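> fold the following.
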Amino acid sequence: MIVSLSTNGTAMTEPAHVSGLQDHLGYWLRYVSNQVSHAFSLKLAARDVTVAEWVMLRELYDQDAMVPSALADRLGMTRGAISKLVDRLAAKALLTGVPGTKDRRYQDLALTSGGRALVPELSGLADRNDAEFFGHLEPADRAAIHRLMVDIVRRSGLRTMPVD
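Here you go, the predicted structure:
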């Protein structure tokens, strides 16, 4: 704050500087992120999959099976959110429960053959979406942006995966 005297001798405070929206990196990150995410969600919707469902499918793709609590921890989601996603993906015959390897009272989550076949297709959509928005960048610039974003995530201790 800057304190100045008015013409009648009373003190007035004025903000030193009021930054504009476009002065912030966060503004530009959100601007780009919203567009990239929206375009990707439309591509997924054409395959009847949401972004959150895609994230879960992709996480399970590299696993034989996983307990829901471990998946929730890995994705930074609540167990309730995981349960809702499991129900939706099971209804689409993309995910199934298999008897647990350690405790047969509990079910591990696993992709069905249809779910396993769908993931590479959806991954291709993600690749194309990235190319549409970032393909014009030089490889070194893309690598720098990637490195900086990963650094921000690590330094900030961010754990929740972006699913919306």
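> tell me where this structure has helices.
25-45, 51-61, 68-75, 79-91, 113-134, 139-156 (DSSP state H).
> most packed of those helices?
Counting by mean count of other CB atoms under 10 Å, helix 51-61 has the highest mean neighbour count of the helices of the chain, with a mean of 20. For every residue, glycine as well, the C-beta is placed using N, CA and C.
> tell me the angle that helix makes with helix 113-134.
For helix 51-61 against helix 113-134, the angle by axes from the mean of the first three to the mean of the last three CA atoms, to 10 degrees is 120 degrees.
> helix 51-61 - what's its average pLDDT?
For helix 51-61, mean pLDDT rounds to 96.
> could I get the helices of the chain as JSON lines with distance to Gln107?
Shown next, in JSON lines, are the helices of the chain (distance: least, CB to CB, whole Å):
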{"stretch": "helix 25-45", "distance to Gln107": "26"}
{"stretch": "helix 51-61", "distance to Gln107": "13"}
{"stretch": "helix 68-75", "distance to Gln107": "8"}
{"stretch": "helix 79-91", "distance to Gln107": "9"}
{"stretch": "helix 113-134", "distance to Gln107": "15"}
{"stretch": "helix 139-156", "distance to Gln107": "32"}
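> so for Val163, which of the ones you listed sits nearest?
When the helices of the chain are compared by CB to CB, helix 51-61 sits nearest Val163, at 4.0 Å.
> for the closest one, packing partners?
If you count contacts as 3 or more CB pairs under 8 Å, 6 or more residues apart in numbering; DSSP states H and E, helix 51-61 packs onto helix 25-45, helix 68-75, helix 79-91, strand 95-99, strand 107-111, helix 113-134.
> mind giving me the packing neighbours of the second one?
So that's helix 68-75. Contacts defined by 3+ CB pairs under 8 Å, 6+ apart place helix 68-75 against helix 51-61, helix 79-91.
> the helices of the chain: which one's closest to Tyr106?
That would be helix 68-75 among the helices of the chain, by CB to CB, at 8.5 Å.
> ok, residues contacting the closest one?
55-56, 59-60, 66, 77-79, 81-83, 86, 109, 160-161, 163 (CB atoms under 8 Å, 6 or more residues apart in numbering).
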